[in-house]
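Peer 1: Coordinates for the following, if possible.
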Amino acid sequence: MPEDATPGADRSDFRAAPEPADALDAAAAALVAAQERSVQLDAGWSVGPTGMRTRHAARVLLVDDQDRVLVVRGHDADEPSRHWWFTVGGGIDPGESAHEAAVREVFEESGLRVAPEDLVGPVVTRSAIFDFARESCLQHEEFFFVRLTHDGRLVRDGWTEIETGFIDEMAWLTTTELRATTDEVFPRDLPDIVDDLLAGWDGVVRAIGLERD
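Peer 2: Below you'll find the predicted structure:
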């Protein structure tokens, strides 16, 4: 018993020293800080007519010889129990074409090299609203389709500070596995989109419209 405590004393009179911040909270805070720094420095973002930060992005539906698509699993920094799968890709830098951004993003995120002429499409377009650095952002996306013709070891050497903070893993998944997961999947129709492309692209760009991620 502490020297200044007496039997029967109200325990609310004695305040414990503050506990160290939970490691998960610290990681979330570090991620938010990194996101805020990125938003401030990334010239690809601008404030659109709606007042939301807006950018254009290129994403890639990369499929291997077993008909599996490369997807990335992330989590919400403010809600760590929330996980989702999404495709490789990211913002188009100033002066870049969508094709150039797609090639760069594939290499940075996976270590795999594809050439601009390997890209089919864009096969899909959509706009997505999602929370980033604790604000809603709008991203206009073009999706390309690539059949991987060589083996490649996935590496994360090119991940940014933000990506390292919220990405859990990369994986090659079949469309059956994507349909079976309890995690969210973006775009929501990703399994159907991949199945349609595996059957052969008809040359028509699939316009998804606006989704909330």
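
Peer 1: all contacts plus neighbour counts: C-alpha atoms, from now on.
Peer 2: OK.

Peer 1: pLDDT below threshold where in this structure?
Peer 2: Applying pLDDT under 70 to the chain flags the ranges 1-43, 77-79, 132-133, 151-152, 156-167.

Peer 1: can you give me the strands for it?
Peer 2: 46-47, 53-63, 69-75, 83-91, 120-132, 135-147, 167-173, 184-185, 206-212 (DSSP state E).

Peer 1: Of those, which is nearest residue 112?
Peer 2: strand 53-63 (10.0 Å; CA to CA).

Peer 1: residues in contact with residue 63?
Peer 2: Neighbour list for residue 63: 69, 70, 145, 146, 147, 148 [criterion: CA atoms under 8 Å, 6 or more residues apart in numbering].

Peer 1: excluding its backbone neighbours, what's nearest it?
Peer 2: Excluding its sequence neighbours, the residue lying closest to residue 63 (CA to CA, 6 or more residues apart in numbering) is residue 69, at 4.4 Å.

Peer 1: quick one: residue 63 from residue 148, how far?
Peer 2: 6 Å (CA to CA, to the nearest Å).

Peer 1: what do you get for residue 140?
Peer 2: 25 Å.

Peer 1: same thing with residue 75?
Peer 2: 27 Å.

Peer 1: Nearest to residue 88 among the contacts of residue 63?
Peer 2: Residue 88 has its nearest neighbour among the contacts of residue 63 in residue 70, at 7.2 Å by CA to CA.

Peer 1: surely that closest one meets residue 177?
Peer 2: No - taking CA atoms under 8 Å as the definition, residue 70 is not a contact partner of residue 177, at 12.0 Å.

Peer 1: between the two, who's got more neighbours?
Peer 2: residue 70 (21 against 11; other CA atoms under 10 Å).

Peer 1: so what's the more buried one bridging to?
Peer 2: residue 172 (DSSP bridges).

Peer 1: Any figure for the gap between it and residue 84?
Peer 2: Counting by CA to CA, the gap from residue 70 to residue 84 is 14 Å.

Peer 1: and if you look at residue 121?
Peer 2: 25 Å.

Peer 1: next one: residue 210
Peer 2: 18 Å.

Peer 1: out of these two, which sits in the busier spot?
Peer 2: Neighbours of residue 210 and residue 84, each counted by other CA under 10 Å, are more numerous for residue 84; the result is 19 against 14.

Peer 1: what's the spacing between that one and residue 100?
Peer 2: For residue 84 relative to residue 100 (CA to CA), the value is 26 Å.

Peer 1: Please apply the same query to residue 205.
Peer 2: 19 Å.

Peer 1: With residue 170 instead?
Peer 2: 22 Å.

Peer 1: So which of those two has more stuff around it?
Peer 2: Taking other CA under 10 Å, residue 170 and residue 100 do not tie; residue 170 has more neighbours (20 against 15).
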